[in-house]
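Undergrad: Sequence isn't available, so here's the structure alone:
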């Protein structure tokens with residue numbers, strides 16, 4: 001399980017960093033257009049279509065995406081015909097509709113429709129997703145480091161107790177290759193405080209309910225902080 005968390009953490013962190021770099025680049029480009037660009041009036045002359053496929057709850061759906069094609073005259077009098085880099089599931093414009101255009105004098109062929117979507121959609125999406133992925137990745141890495149430190153401490157200093165085995169749960173909050181793990185659950189009453197504590201094991205990638213026959217399981221606990229614990233699942237086979 002620790003290796004999976006490390007892999008997820010590193011993967012998400014790298015993806016997040018990549019998207020943040022792209023987001024920074026698109027933001028810099030937009031600011032350059034805002035600072036150095038010129039404006040002109042253009043018109044929508046066509047739409048370029050593409051298919052976008054997504055999967056949700058096992059269902060695959062396909063949407064038609066529309067990217068407006070617009071034309072305008074640059075300062076030299078040449079007509080520039082450009083496919084917008086932004087597309088959506090609705091047309092958003094009518095054929096012949098006038099639109100504001102912004103372009104760099106040195107690159108009129110890279111003009112964009114001067115709108116919120118045209119200017120800020122790419123930086124917001126890549127920056128937002130990059131921040132999300134990076135945060136998830138760092139969180140997973142910190143979790144893996146904390147887990148490893150706690151495990152090391154428990155092996156050296158933890159109190160081994162017999163906790164009452166209460167069953168198994170199927171943890172759908174975690175998915176790897178569309179599979180979720182099972183976890184053993186147990187309860188233990190602190191002999192000093194009298195407080196009841198509930199425990200869950202690390203992930204088990206098969207259903208262990210038919211294997212566990214005993215009424216108790218061993219748990220290593222930090223007696224001063226029972227939230228730090230580890231159920232000993234070493235008696236289970238590696239796979240079933």
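TA: The structure has been received and is ready for your questions. If you're wondering where the values come from, they're calculated on a predicted model, not measured in any experiment.
Undergrad: Show me the domain layout of this protein.
TA: Domain assignment for the chain by automatic domain parsing gives 2-131, 158-231.
Undergrad: The first one - what's its average pLDDT?
TA: Along domain 2-131, the predicted local confidence has a mean pLDDT of 91.
Undergrad: ditto for the shortest one
TA: On average, the pLDDT along domain 158-231 is 93.
Undergrad: next one: that domain to chain centre, how far?
TA: Relative to its chain's centre, domain 158-231 lies at 28 Å (C-alpha atoms, centre = their mean, to the nearest Å).
Undergrad: first to last residue in that domain, what's the distance?
TA: End-to-end span of domain 158-231 (C-alpha to C-alpha, to the nearest Å): 12 Å.
Undergrad: Now for residue 22: which residues touch it?
TA: Residues in contact with residue 22 (C-beta atoms under 8 Å, 6 or more residues apart in numbering) are 126, 130. (C-beta placed from N, C-alpha, C; glycine too.)
Undergrad: mind checking the SS state of it?
TA: Classification of residue 22 by DSSP: H, G, I helix; E, B strand; the rest coil places it in helix.
Undergrad: With residue 123 as the reference, measure out to it.
TA: Distance, residue 22 to residue 123, using C-beta to C-beta, to the nearest Å: 9 Å.
Undergrad: try residue 13
TA: For residue 13 relative to residue 123 (C-beta to C-beta), the value is 20 Å.
Undergrad: In this protein, where's the longest helix?
TA: Longest helix in the chain, counting residues (DSSP state H): helix 116-157.
Undergrad: Now find how far off-centre it is within its chain.
TA: 9 Å.
Undergrad: What is the subsequent helix or strand relative to it?
TA: As assigned by DSSP states H and E, the chain's next helix or strand after helix 116-157 is strand 159-170.
Undergrad: That next one pairs with which strands, and in what direction?
TA: For strand 159-170, the paired strands and their directions (DSSP bridges) read strand 182-189 (antiparallel), strand 216-221 (antiparallel).
Undergrad: So which elements touch the longest strand seen in the chain?
TA: Longest strand of the chain, by residue count under DSSP state E: strand 38-56. Strand 38-56 sits against strand 59-73, strand 98-104, strand 107-113, with contacts defined as 3 or more C-beta pairs under 8 Å, 6 or more residues apart in numbering; DSSP states H and E.
Undergrad: Could you list the buried residues of the last one?
TA: By neighbour count on 16 or more other C-beta atoms under 10 Å, the buried set for strand 107-113 is 108, 111-113.
Undergrad: what's the answer for the second one, then?
TA: By neighbour count, and taking 16+ other C-beta under 10 Å as the criterion, the buried residues in strand 98-104 are 99, 101-104.
Undergrad: ditto for the longest one
TA: Buried residues in strand 59-73, counting neighbours by 16+ other C-beta under 10 Å, are found at 66-72.
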